[in-house]
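J.: what follows is a predicted protein model with its sequence.
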Amino acid sequence: MESCRNTFEIFRREIKSYFESPVAYVFLIVFLMLIGFLTFMVSDFYEMRQADLRMFFFWHPWVYLLMVPAASMRLWSEERRSGTVELLLTFPVTLTQALVGKFLAAWAFLALALALTFPIVLTTIYLGEPDPGVIVGGYIGSFLLSGAYLALGMLTSTLTKNQVISFVLSLVGCFFLLLAGFRPVTGMLERWAPAWLVRGVSAFSVMPHFESFQRGIVDIRDIGYFLSAIVVLIFAGYLALDNRKTA
């Protein structure tokens, strides 16, 4: 019970810090404008004359590629730069509770940004009859995908005091997770690499798992992949911070 209370206090502290700055509002506006522009303009939504959300969810991994590192780069980099990480860890809060609280707060913020895209869904419903299973599956997959990107971003944030460096490292890491299973990349690998190597590279990718959600298929294996990635990356962040604390 005490552990949950401490985690919630960190969560509340972080959520409050987001909205005490105009940066959070700028982030939400840019995110919504980017998603809307890519869905309706770049994808020729109206010209296709087919009211579905396939292209809406298609762009999520690419938008998250920029937006999630931007949201996560300050999580620990700012604490380390200002020296408040040592102060934070002197409170009756364990490192695990601090990590989980910060992660959940950032994930909740991303969930809010995702929820604010719902007018796009309403527009599509108004124009046609999209498959509700695809909508639900797409949103679940997008939420889990943002969590995996966020956990990687939080890991890079523990490695440096510089937010820009954290952003770049997170961007590169997320780009690898995206491209590792991207069909043009796997197709290129199949031309010269053995099948086991192609499967090994693809296993690290978020794309095959996210694509299942895009089709409206909510598979426990895909959920397990994202949750496992989140846990492993948060644990890696724990090790990085714990090593610096004991160094």
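T.: In hand now; what should we look at?
J.: residue 75 and residue 58: what is the separation?
T.: 28 Å (CB to CB, to the nearest Å). Where C-beta positions appear, they are placed from N, C-alpha and C, glycine not excepted.
J.: which one of the two is surrounded by more residues?
T.: Higher neighbour count among residue 75 and residue 58: residue 75, with 24 against 16, using other CB atoms under 10 Å.
J.: isn't that one up against residue 104?
T.: No. Taking contacts as CB atoms under 8 Å, residue 75 lies outside contact range of residue 104: 11.4 Å.
J.: distance from the helix or strand hosting residue 8 to the middle of the chain?
T.: In this structure, residue 8 is located in helix 2-19 according to DSSP states H and E. Computed by CA atoms, centre = their mean, to the nearest Å, the chain-centroid distance of helix 2-19 equals 19 Å.
J.: may I ask which helix or strand of this protein has the lowest mean pLDDT?
T.: For the chain, using mean pLDDT, DSSP states H and E, the weakest element among its helices and strands is helix 84-88, scoring a mean of 62.
J.: mind checking how far the residue of the chain positioned farthest from its centre is from residue 198?
T.: Residue farthest from the centre of the chain, counting by CA atoms, centre = their mean, is residue 192 at 32.1 Å. Taking CB to CB as the measure, residue 192 falls 10 Å from residue 198.
J.: got any ranges where the protein has weak pLDDT?
T.: Scanning the chain for pLDDT under 70 picks out 1-2, 44-51, 78-91, 181, 197, 244-247.
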